[in-house]
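[1] what's the 3D shape of this:
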Amino acid sequence: MKPTFLELGYKAGTDKVTHHGYHFFYPSFLDKMRDEAFNLLEIGYGSGESVAMWCEYFPACNFFCIDINTEMVYNDRCRVIKADQSNRNDLEKIVNQLGSARVIVDDGSHNPKHQFDTFCYLFEHLLEEGGTYIIEDIETNYWHPNAVLYGYQIGNFNLMKNISICQDMINQEFSKVQNTLNISTITYGQNCIVITKRTKEEQMYFDRK
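    Prediction:
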């Protein structure tokens, strides 16, 4: 029997399970892909605990991580690329290098504006149909605008308010709000949002007159 997300998280020492409790949400979306080969992108390397976990959790995937301070080859399947998620040119380079990714996890700057802009760009240009996009650490959207984290001021932009339009996108047939990102589902968990992208099979239900 394979070790669970929770077990591998504790083994790696990542705060995804020790502090955030993401193991209550993520396996529902990710367990079905554990034996499949695909590209996974995580934004934010930190101390590398989550990289160790992902490499064991998805033994057949190619893992890429972008970090503003770090560039390294972690192992034969995992590479950390130096890039700034707040820089559109850097994101474009990542898209050109990877081509596509089935799973994207934003554990980067935690800045609400960065979270939203990165989501809008990578969800459209990098995430595969049927893929899963996870935004972690949305707690900063409830902080004081003058608070500073990782050198960035939180500011007045609020991811939670701006992403709420996506709910109307999902219901385009009734709301008439164009679903330009082809969003399938949005799930809110404690300190995270999980967004999935439509498949071709789903699209037929949204293209009808």
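[2] now the strands for the chain?
    39-43, 62-67, 72-75, 78-82, 101-106, 127-136, 148-149, 152-153, 183-189, 192-197 (DSSP state E).
[3] in JSON lines, list these along with mean pLDDT, distance to residue 206 and mean neighbour count.
    Bear in mind the C-beta positions are built from the backbone N, C-alpha and C, glycine included. Converted to JSON lines, those look like this (pLDDT from 0 to 100; distance: least, CB to CB, whole Å; neighbours: other CB atoms under 10 Å):
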{"stretch": "strand 39-43", "mean pLDDT": "98", "distance to residue 206": "26", "mean neighbour count": "24"}
{"stretch": "strand 62-67", "mean pLDDT": "97", "distance to residue 206": "30", "mean neighbour count": "22"}
{"stretch": "strand 72-75", "mean pLDDT": "92", "distance to residue 206": "39", "mean neighbour count": "12"}
{"stretch": "strand 78-82", "mean pLDDT": "96", "distance to residue 206": "34", "mean neighbour count": "18"}
{"stretch": "strand 101-106", "mean pLDDT": "98", "distance to residue 206": "21", "mean neighbour count": "24"}
{"stretch": "strand 127-136", "mean pLDDT": "98", "distance to residue 206": "13", "mean neighbour count": "21"}
{"stretch": "strand 148-149", "mean pLDDT": "96", "distance to residue 206": "37", "mean neighbour count": "12"}
{"stretch": "strand 152-153", "mean pLDDT": "95", "distance to residue 206": "36", "mean neighbour count": "14"}
{"stretch": "strand 183-189", "mean pLDDT": "97", "distance to residue 206": "9", "mean neighbour count": "16"}
{"stretch": "strand 192-197", "mean pLDDT": "98", "distance to residue 206": "12", "mean neighbour count": "22"}
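[4] now these as CSV including distance to residue 14?
    Converted to CSV, the strands of the chain look like this (distance: least, CB to CB, whole Å):
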stretch, distance to residue 14
strand 39-43, 11
strand 62-67, 13
strand 72-75, 14
strand 78-82, 14
strand 101-106, 11
strand 127-136, 11
strand 148-149, 19
strand 152-153, 22
strand 183-189, 16
strand 192-197, 14
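[5] how about the lengthiest helix in the chain: buried residues?
    Taking DSSP state H as the assignment, the helix of the chain that covers the most residues is helix 112-125. By 16 or more other CB atoms under 10 Å, the buried positions in helix 112-125 come out as 112-119, 121-123.
[6] then stretch 47-55?
    In stretch 47-55, counting by 16+ other CB under 10 Å, buried: 48-55.
[7] what do you get for stretch 190-209?
    Within stretch 190-209, the residues scored as buried using 16+ other CB under 10 Å are 191-198, 202.
[8] so what touches that stretch?
    20-22, 24-26, 29, 119, 123, 127-139, 163, 166, 172-173, 179, 181-187 (CB atoms under 8 Å, 6 or more residues apart in numbering).
[9] and which of the buried residues of stretch 190-209 is nearest to residue 82?
    Ranked by distance to residue 82 (CB to CB), the buried residues of stretch 190-209 are led by residue 192 at 25.3 Å.
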